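In: Show me the folded form of this:
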Amino acid sequence: MNVKLLSVKDKNGNKMKKDDFTYVMYNYIGFIKEINIGECMIINDNNAYTVCHRSTPVQKVIYTNDNKKCSVVTLNCVYNFEILDDGKKRKPTATLYTHIRFHNRLREDTRNPDGYLYAYGHYRTKIFPSELPEWYVRGYMYKTQGYMSAKGVKYLVYEPNYTIDNHLYKYDKLFISYDEPITPTVSKNGYEWFDGYKYVLDGPTMVDFIDAAEKYSNYDVSEIRKELEKKKAWYYERNPKDKR
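Out: Numbering: from 1, shown residues only. The predicted model follows:
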């Protein structure tokens, strides 16, 4: 369940300090997969992936009559949460979701205070990261953390960079299309690029997306994998200390 942490008190009713918790603070938006008596409660970040806090064993869970709040009693303290889920099932339709809204000032934090995602980096939704199906690839994209669908992929073009050798895949590009073919083009200034793509990925997220496209779109990535291995051999030849 998606929650907002309202307060944490010790067994004497005293409010505990923020310093007592790793990454977690009051009004923190997080995700709890399950709460079991006798087990530690794990609070994940809003991305439903990163573990931010682990409690002592749970002794009791108390829900309000409307199920909008709950208290979790552990061995050493009591957590009070607001439950953000409204019980409605939402079907994600966008191919890209982000935590922040795309903005001219990329460093400005435009997160939705309720923890919801932005579709295509622009449109407010009522969707939490935990509600996205498994074919959404999580990673760093467009200078922020996002989730991109690897289902329904029709075309992929991988462009390795053989100029810069201080990173393996950081400067490579993966062009992605869900409908029209991706075709090479040349600008009036002689700059080579592509038309027909919807998104571009790079770095480790690019590799994860290739794996996911093979699995969820039944896309033949055999030739791309050969190019990835070729790039890997080129990189390790120049950076032998990085080879594992």
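
In: Against residue 14, how distant is the residue minimising distance to the centre of the chain?
Out: Taking C-alpha atoms, centre = their mean as the criterion, residue 138 is the residue nearest the geometric centre of the chain, at 3.6 Å. Distance of residue 138 to residue 14, computed by C-beta to C-beta, to the nearest Å: 38 Å. Placement of C-beta: from N, CA and C, glycine included.

In: likewise residue 177?
Out: Applying C-beta to C-beta, the value for residue 177 to residue 14 is 57 Å.

In: Between these two, which has more neighbouring residues?
Out: When neighbours are counted by other C-beta atoms under 10 Å, residue 177 and residue 14 differ, and residue 177 comes out ahead with 19 against 9.

In: so who does that one touch?
Out: Neighbouring residues of residue 177 by C-beta atoms under 8 Å, 6 or more residues apart in numbering: 153-156, 196-198.

In: Alpha carbons only: can I get stretch 36-44 in PDB?
Out: Only the C-alpha atoms of stretch 36-44 are listed here, as PDB (Å, rounded to 0.1, in the frame of the first residue of the first chain):
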ATOM      1  CA  ASN A  36       3.000  -9.300   8.900                       C
ATOM      2  CA  ILE A  37       2.800  -9.800  12.600                       C
ATOM      3  CA  GLY A  38       6.100 -10.900  14.000                       C
ATOM      4  CA  GLU A  39       8.100  -9.700  11.000                       C
ATOM      5  CA  CYS A  40       9.900  -6.400  10.300                       C
ATOM      6  CA  MET A  41       7.900  -3.900   8.300                       C
ATOM      7  CA  ILE A  42       9.800  -2.600   5.300                       C
ATOM      8  CA  ILE A  43       9.100   1.000   4.100                       C
ATOM      9  CA  ASN A  44      10.200   1.400   0.400                       C
END
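
In: can you give me the offset of it from its chain's centre?
Out: Distance, stretch centre to chain centre, for stretch 36-44: 22 Å (C-alpha atoms, centre = their mean, to the nearest Å).

In: ok, residue 141 - how many residues close by?
Out: Look at residue 141: counted by other C-beta under 10 Å, it has 22 neighbours.

In: thought it was touching residue 148?
Out: Yes - counting by C-beta atoms under 8 Å, residue 148 is a contact partner of residue 141 at 6.3 Å.

In: overlap in contacts of the two?
Out: Overlap of the contact sets of residue 141 and residue 148 (by C-beta under 8 Å, 6+ apart) consists of 96, 199, 201.

In: how near is the last one to residue 146?
Out: Noted for residue 201: a distance of 10 Å to residue 146, by C-beta to C-beta.

In: Can you name the residues that contact the residue nearest to residue 159 when sequence neighbours are not counted?
Out: Once flanking residues are discounted, residue 159 sits nearest to residue 173: 4.4 Å by C-beta to C-beta, 6 or more residues apart in numbering. Counting by C-beta under 8 Å, 6+ apart, residue 173 touches 158-159, 161, 200-202, 206.
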